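>>> Okay, structure incoming, though there's no sequence with it:
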């Protein structure tokens, strides 16, 4: 939790704008997924029942989809621009701290290595802010929108899908736990084996040195 708070604190004064753009992007993306299924269902019902009102509703929803699709790239663009700005400001702060340090620090730690590490860490934060957070939250939003979409078609299908997903998640957790358990056992045995081999080799070296004397 402390690492997460530190990670979020690096955003500085731009944190509100960042989260606003990110949440707006995710809401639009999930809303589009729901609208796709809504329009499809309305068109099918309009053709089946020869209902012009349903067709008009589908047309209006299609116009909304087009508008949101046009708006979506701009949100991603502003997010890219904001992330680059945050990383730039963070690098300036870190460079200022480096410049304020004593010259003995640069002699002992090598300034080039310090600057390289600084750039590496800042670029890692850029990747996390732009893609990793969006990917994790995007998956959650996509699952939520998929559940809502299934409600339009069949609540029974939604219930069956949720049961299957929960069962799959439970089995995956159990399998991962068993894999980790066996991995730890293999690691311990490998460590013991390497220590044993090291002792055997050390014994052979000692015998060889003794025979040479």
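Everything's here; your move. All figures in this text were calculated on a predicted structure; none of them were measured in a lab.

>>> can you pull the pLDDT of the residue nearest the centre of the chain?
For the chain, the residue whose C-alpha lies nearest the mean C-alpha position (Cα atoms, centre = their mean) is residue 132; its distance is 2.9 Å. The score at residue 132 is 71. That number is its pLDDT.

>>> How is residue 45 assigned, secondary-structure-wise?
Each residue gets one of three states, and residue 45 gets helix by DSSP: H, G, I helix; E, B strand; the rest coil.

>>> what stretches of this structure score poorly on pLDDT?
Within the chain, the set of residues satisfying pLDDT under 70 comprises 1-8, 102-116, 152, 204-205, 207-213.

>>> residue boundaries of the helices in this structure?
With DSSP state H as the criterion, the chain has helices at 2-9, 15-49, 52-99, 103-109, 111-127, 133-153, 155-212.

>>> Mean neighbour count for those helices - can I get that in a markdown table?
To be clear about C-beta, it is placed using only N, CA and C from the backbone, and glycine gets the same treatment. Putting the helices of the chain into a markdown table (neighbours: other Cβ atoms under 10 Å) gives the following:
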| stretch | mean neighbour count |
| --- | --- |
| helix 2-9 | 9 |
| helix 15-49 | 16 |
| helix 52-99 | 14 |
| helix 103-109 | 10 |
| helix 111-127 | 13 |
| helix 133-153 | 15 |
| helix 155-212 | 10 |
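
>>> ok, residue 80 - contacts?
By Cβ atoms under 8 Å, 6 or more residues apart in numbering, the contact set of residue 80 is residue 130.

>>> Tell me the spacing between it and residue 87.
Noted for residue 80: a distance of 11 Å to residue 87, by Cβ to Cβ, to the nearest Å.

>>> again, but for residue 63
Distance, residue 63 to residue 87, using Cβ to Cβ: 38 Å.

>>> next one: residue 14
From residue 14 over to residue 87 the distance is 10 Å, taken as Cβ to Cβ.

>>> again with residue 36
Here the distance between residue 36 and residue 87 works out to 35 Å (Cβ to Cβ).

>>> swap in residue 171?
For residue 171, the distance to residue 87 (Cβ to Cβ) stands at 40 Å.

>>> ok, now residue 189?
Counting by Cβ to Cβ, the gap between residue 189 and residue 87 amounts to 44 Å.

>>> cool, residue 182 as well?
If you measure residue 182 against residue 87 using Cβ to Cβ, the figure is 41 Å.

>>> what do you get for residue 124?
For residue 124 relative to residue 87 (Cβ to Cβ), the value is 10 Å.

>>> Over to residue 195?
As judged by Cβ to Cβ, residue 195 and residue 87 stand 45 Å apart.
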